[in-house]
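Visitor: predicted model follows, preceded by the sequence.
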Amino acid sequence: MECETKQFRQEHKKEMRAVQDSMDVLSGKWKIPIISSICFYNKRRFSDILNDVDGISNRMLSKELKELELNKLIKRTVLDTQPVTVQYQLTEHGRTLKTIIDNLTEWGIAHRKKIIGR
């Protein structure tokens, strides 16, 4: 019995570590909304994301996009246009978040209905 409890605790610690790792990558006020914007539209320009994410500044968006790119969740593509256009899209790894974004969307809609009836 003691062995089972110890093994359960070890497995639970691994799961909690995985949750913490996820939260470290996705934490903050802006990352999920930025990922959602790109996810919903497939490809987005900087200005599109800026318009989609209420309240974010140019500087903060730039910082968050760099972090998401560093974590291999988004890909930045510079297009040869005049003026230069930069597009962002989810990487293959980033697309694995689509299910989570969809679940958060569904939960958010249901929660809003439960709390304020809309």
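Guide: All right, it came through fine.

Visitor: centroid-nearest residue for this structure?
Guide: Central residue of the chain (Cα atoms, centre = their mean): residue 32, 3.5 Å from the mean position.

Visitor: how about it: what's its closest non-neighbour residue?
Guide: Leaving aside its sequence neighbours, residue 32 sits nearest to residue 26 (Cβ to Cβ, 6 or more residues apart in numbering; 6.1 Å). Bear in mind the C-beta positions are built from the backbone N, C-alpha and C, glycine included.

Visitor: return the set of buried residues in the longest helix seen in the chain.
Guide: Assignment by DSSP state H gives helix 2-26 as the longest helix of the chain. Under the neighbour-count criterion of 16 or more other Cβ atoms under 10 Å, helix 2-26 has nothing buried.

Visitor: hmm, the residue nearest to the centre of the chain is touching residue 23, no?
Guide: No - look at residue 32 against residue 23 with Cβ atoms under 8 Å: they stay out of range, at 10.9 Å.

Visitor: all strands for this structure, in order.
Guide: Counting by DSSP state E, the chain has strands at residues 43-45, 74-79, 85-90.

Visitor: parallel or antiparallel, which strands does the first one pair with?
Guide: Strand pairing for strand 43-45, determined by DSSP bridges: strand 85-90 (antiparallel).

Visitor: for the partner strand, buried residues please.
Guide: Residues of strand 85-90 classed as buried: 87-90 (neighbour count, 16+ other Cβ under 10 Å).

Visitor: next, format these as CSV and append distance to residue 76 and pLDDT.
Guide: Output for the buried residues of strand 85-90, formatted as CSV (distance: Cβ to Cβ, whole Å; pLDDT from 0 to 100):
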residue, distance to residue 76, pLDDT
87, 8, 97
88, 6, 98
89, 9, 97
90, 11, 97
